[in-house]
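Engineer: What follows is a predicted protein model with its sequence.
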Amino acid sequence: MPHALESTMYAVAQWFLLPTLTLIALLFLYAFWVLGEFAMQAWRRRQGSGRPLVAAWQAAAPVGLSEDELDLRAHRLLEGPRIASRVTPLLGLVATMIPMGPALRSLSDGNLAQVSDNLTIAFSAVILALIAASLTYWITHVRRRWYACDLLALEKADGQAGARSRADVP
């Protein structure tokens, strides 16, 4: 009975290799997509635009946005890269461990070519996953600083506007 359970767990684990590798490939592409967006946003920030929180605040000027609404908007903008930076290394670990079973089995059978193939898959997957995670992690933290600066500037601008309106009241 335990042997059947072990065999079933091994077979089920092997089914997850292709979906895991597919997700790593998609997240790798996503990381470079986010890097392109980041480069464009950095370029626009240097030009004086590219500040989505400021644009949202200006668009809602008649009604106004609270600090909490702007903070929520910042969190939404950071959510995709932040999740990618945390999930991708986990998938890399999974993609490393799944081929290790067949590699060890091939090693015990003396099939070194199969061992090499499985280890190539394992290490290639983890390398791509770590590159993608590194990019999205770095981008998330720089954007977090940008959005914090934008929120601070909006808070100061709103405070100065409020002080001017109170000073105008006799």
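Structural biologist: Here it is on my side, so go on.

Engineer: May I see the buried residues of the one helix or strand Thr8 maps to?
Structural biologist: Assigned by DSSP states H and E, Thr8 belongs to helix 2-15. Neighbour counts over helix 2-15 (16 or more other CB atoms under 10 Å) mark no residue as buried. The way it works is simple: take the backbone N, C-alpha and C, and place the C-beta from them, glycine included.

Engineer: Helix or strand next in line after it, which one?
Structural biologist: Following helix 2-15 toward the C-terminus (DSSP H and E): helix 17-47.

Engineer: any idea of the mean pLDDT for that following helix?
Structural biologist: For helix 17-47, mean pLDDT rounds to 96.

Engineer: Run through who's touching the helix holding Thr8.
Structural biologist: Ile98, Gly101, Pro102 (CB atoms under 8 Å, 6 or more residues apart in numbering).

Engineer: What separation do you get for the residue nearest to Leu77 when sequence neighbours are not counted and Gln41?
Structural biologist: Nearest residue to Leu77, sequence neighbours excluded (CB to CB, 6 or more residues apart in numbering): Pro52, at 6.1 Å. Distance, Pro52 to Gln41, using CB to CB, to the nearest Å: 8 Å.

Engineer: same check, this time on Tyr10
Structural biologist: 46 Å.

Engineer: And for Leu23?
Structural biologist: In this view, Leu23 and Gln41 are 26 Å apart by CB to CB.

Engineer: Please name every helix or strand in contact with the least confident helix or strand in the chain by mean pLDDT.
Structural biologist: Between all helices and strands in the chain, the lowest mean by mean pLDDT, DSSP states H and E belongs to helix 52-59, at a mean of 83. In terms of contacts (3 or more CB pairs under 8 Å, 6 or more residues apart in numbering; DSSP states H and E), helix 52-59 is packed against helix 67-97, helix 112-168.

Engineer: Sort out which residues of that helix are buried, please.
Structural biologist: Quick answer for helix 52-59 (16+ other CB under 10 Å): Pro52, Leu53, Val54, Ala56, Trp57.
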